[in-house]
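Colleague: Turn this into a model:
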Amino acid sequence: MKPRFPPGLERAPRASLVQLRSLEAVVRLGSVSRAAEALHLAQPTVSTQLRELSGSLGLTLLEPHGRGLVPTAVGERLAECARAMGACWQAFEDDAAALQGLRQGRLRIAAVTTTEYFLPDLLGPFARRYPGIQIELAVENRDAVVARLRRGDDELAAMMRPPSDLPLARWPFLENPLVLIASSDHPLAQRKRLRLADLLDQPVLVREAGSGTRAVLDEVLAEQGLHWPPRMALGSNEAVKHAVRAGLGLALLSRHTLAADPATEGLAVLPVAGFPLKRQWVLVWRQDRPLSLPARTLLDDLRQRLKVRAKAVA
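Modeller: This is a model prediction of the structure:
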């Protein structure tokens, strides 16, 4: 009887894992030079791998664009396959290591910028417990984190507003109250009660386009039919806090970005009706890709520790 193979395994692929890795890196980074640097290879080596891959498939995978390269439709599709294969292989290696009694592997996490105020503290106990697991944490604004999720760069992502058009599993793990702040010597800081409409004659400072916090403020203003054009956009929470403290305007920030007593930073939380805005920090992961053992272990570890913390607070 002729052997029967699962679909897709009847013939050997016309591409090596090394070639696919080079293609994925070029598609992700936009140039051969950046891909070679990331892969610790010489540029001619990467160029040769791409040329051989394209020739073996009989397809054009990349096209020049400015000073870089962009994938063709089939090149992007092949890069997606390479990412999925890489994720599966990493999961296999991690599980194989666990079967041998080892605790090792690599865990890639993406997180929006505000999480840098608390996420390292949450990851610390896990990293100390499993020192053989290499954690790679990429901190970006929301738009960049969503782009990383689309490409499959990371296994887990921590954010406030997950995209709705990706197949994501979601775990809300921490409250994220959003507050309006002013400098501690601002006249509004002496008020006992305020409405959002009372603030509109004051300049407002916002995060850069692509920030989740800025998007929430825009949504709240639109819901209430209010117009509050920003005076200045800044690229980090610390920059916003410095500008508020200097008296340049008011701002909406996560309470996590502030000291337990904001006055020690020269800041005040304004008593605005309807605030703090109640939001949640959410850990998400792609449902269409397997989670590695380190990722699954981290989720279990966080669930247990946060459950214990919640009981202690209660």
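Colleague: which parts of the lengthiest helix in the chain are buried?
Modeller: The helix that spans the most residues within the chain, counting by DSSP state H, is helix 73-99. Counting neighbours by 16 or more other Cβ atoms under 10 Å, one finds that the buried residues in helix 73-99 are 75, 78-80, 82-83, 85, 87, 90-91, 94, 97-98. Glycine gets a C-beta too; all of them are placed from N, C-alpha and C.
Colleague: Next: stretch 26-44.
Modeller: In terms of neighbour count (16+ other Cβ under 10 Å), stretch 26-44 has its buried residues at Val26, Val27, Arg28, Leu29, Gly30, Ser31, Val32, Arg34, Ala35, Ala36, Leu39, Leu41.
Colleague: quick one: what helix or strand has the second one in it?
Modeller: If I follow you right, that is Val27. Assigned by DSSP states H and E, Val27 belongs to helix 17-29.
Colleague: What is the helix or strand following that helix packed up against?
Modeller: Scanning forward in sequence from helix 17-29 by DSSP H and E, the next helix or strand is helix 32-39. Applying 3 or more Cβ pairs under 8 Å, 6 or more residues apart in numbering; DSSP states H and E, we find helix 32-39 packed against helix 17-29, helix 43-57.
Colleague: deepest of those, which one?
Modeller: The highest mean neighbour count among the helices and strands packed on helix 32-39, using mean count of other Cβ atoms under 10 Å, belongs to helix 17-29: a mean of 21.
Colleague: quick revisit: mean confidence (pLDDT) on the helix holding Val27, please.
Modeller: Mean pLDDT, helix 17-29: 91.
Colleague: Using PDB, write out the CA atom coordinates for that helix.
Modeller: Taking C-alpha atoms only, helix 17-29 is exported to PDB below (Å, rounded to 0.1, in the frame of the first residue of the first chain):
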ATOM      1  CA  LEU A  17      14.100  27.300   7.500                       C
ATOM      2  CA  VAL A  18      17.100  29.500   7.200                       C
ATOM      3  CA  GLN A  19      15.800  31.000   3.900                       C
ATOM      4  CA  LEU A  20      12.300  31.500   5.500                       C
ATOM      5  CA  ARG A  21      13.800  33.200   8.500                       C
ATOM      6  CA  SER A  22      15.700  35.600   6.300                       C
ATOM      7  CA  LEU A  23      12.600  36.400   4.300                       C
ATOM      8  CA  GLU A  24      10.500  37.100   7.500                       C
ATOM      9  CA  ALA A  25      13.200  39.400   8.900                       C
ATOM     10  CA  VAL A  26      13.400  41.400   5.600                       C
ATOM     11  CA  VAL A  27       9.600  41.700   5.500                       C
ATOM     12  CA  ARG A  28       9.500  42.800   9.100                       C
ATOM     13  CA  LEU A  29      12.400  45.200   9.100                       C
END
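Colleague: Taking helix 32-39 as reference, get the angle to it.
Modeller: With axes from the mean of the first three to the mean of the last three Cα atoms, to 10 degrees defining the directions, helix 17-29 sits at 120 degrees from helix 32-39.
Colleague: how big is the angle separating helix 17-29 from helix 43-57?
Modeller: 110 degrees.
Colleague: Contacts for helix 17-29, please.
Modeller: With Cβ atoms under 8 Å, 6 or more residues apart in numbering as the test, helix 17-29 has contacts from 32, 34-35, 38-39, 41, 46, 49-50, 52-53, 61-62, 69, 71, 75-76, 78-79, 81-83, 85-86, 89, 151, 153.
Colleague: in the longest strand belonging to the chain, what's buried?
Modeller: In the chain, assigned by DSSP state E, the strand with the most residues is strand 168-183. Of the residues in strand 168-183, Leu168, Trp171, Leu174, Asn176, Leu178, Val179, Leu180, Ile181, Ala182, Ser183 count as buried by neighbour count, 16+ other Cβ under 10 Å.
Colleague: Tell me the helices and strands packed up against the helix or strand just after it.
Modeller: Downstream of strand 168-183, the next assigned helix or strand under DSSP H and E is strand 204-207. The contact analysis (3+ Cβ pairs under 8 Å, 6+ apart) places strand 204-207 against helix 212-223, strand 230-234, helix 237-245, strand 250-254.
Colleague: what sits against Leu205?
Modeller: Counted by Cβ under 8 Å, 6+ apart, Leu205 has contacts Pro230, Arg231, Met232, Ala233, Leu234, Val240, Ala243, Val244, Leu248, Gly249, Leu250, Ala251.
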